[in-house]
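# Model the following, please.
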Amino acid sequence: QVQLVESGGGLVQAGGSLRLSCAASGRTFSNYAMGWFRQAPGKEREFVAAISRDGDSTYYADSVKGRFTISRDNAKNMMFLQMNNLKPEDGAVYYCAADTTSYRLRRGVVGSWGQGTQVTVSS
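Residues are numbered from 1 along each chain as shown. Coordinates of the predicted model:
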């Protein structure tokens, strides 16, 4: 399995921006599709975004489309989530995820999880 560590969470006002990072180690990063999930208190963990192994294809939940951008740097074993125009309902613990294909990630099949990073959006 690949090991994943998120960073970049914090407190931001509604309308603001944050950039989450995910550092990967332990396996060949470019062999994995990567994604972000989030879980708010009292809710199930939900898919946010995914990116293919080569970075050419990206996928988003409808709730974040047009506001969030997922990207990756295979040379640095890093993945990112740029979050703009944040809303209070975006507040959650955000998890970095990896699996063999973005198809599996979009269906919630995840081989490796990070520990999560808290994002809080104040109104």
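
# What's the end-to-end length of stretch 96-114?
From its first residue to its last, stretch 96-114 covers 5 Å (C-alpha to C-alpha, to the nearest Å).

# So that it lines up with my notes, have the first residue be 6 from now on.
Renumbered: residue one is now 6, and that last one reads stretch 101-119.

# Sort out which residues of it are buried, please.
Residues of stretch 101-119 classed as buried by neighbour count (16 or more other C-beta atoms under 10 Å): Cys101, Ala102, Ala103, Asp104, Ser107, Arg109, Leu110, Arg111, Val115, Ser117, Gly119. From N, CA and C alone the C-beta is placed, and that goes for glycine too.

# Tell me the spacing between the fourth one and Thr63.
The reference is to Asp104. 15 Å (C-beta to C-beta, to the nearest Å).

# Inside strands: which ones of the buried residues of stretch 101-119?
Cys101, Ala102, Ala103, Asp104, Ser117 (DSSP state E).

# Can you give me the pLDDT of the first one?
Pointing back at Cys101 there. In the predicted model, Cys101 carries a pLDDT score of 98.

# list the contacts for the residue nearest the centre of the chain?
With distances taken as C-alpha atoms, centre = their mean, the residue of the chain nearest its centroid is Trp41 (2.3 Å). Residues near Trp41 by C-beta atoms under 8 Å, 6 or more residues apart in numbering: Leu25, Cys27, Val53, Ala54, Ala55, Ile75, Leu86, Tyr99, Tyr100, Cys101, Ala102.

# run the last query once more with 6 Å
Contacts for Trp41 (C-beta atoms under 6 Å, 6 or more residues apart in numbering) come out as Val53, Ala54, Leu86, Tyr99.

# now that we have these, which one has the most neighbours?
The most crowded member of the contacts of Trp41 is Leu86, carrying 27 neighbours; neighbours defined as other C-beta atoms under 10 Å.
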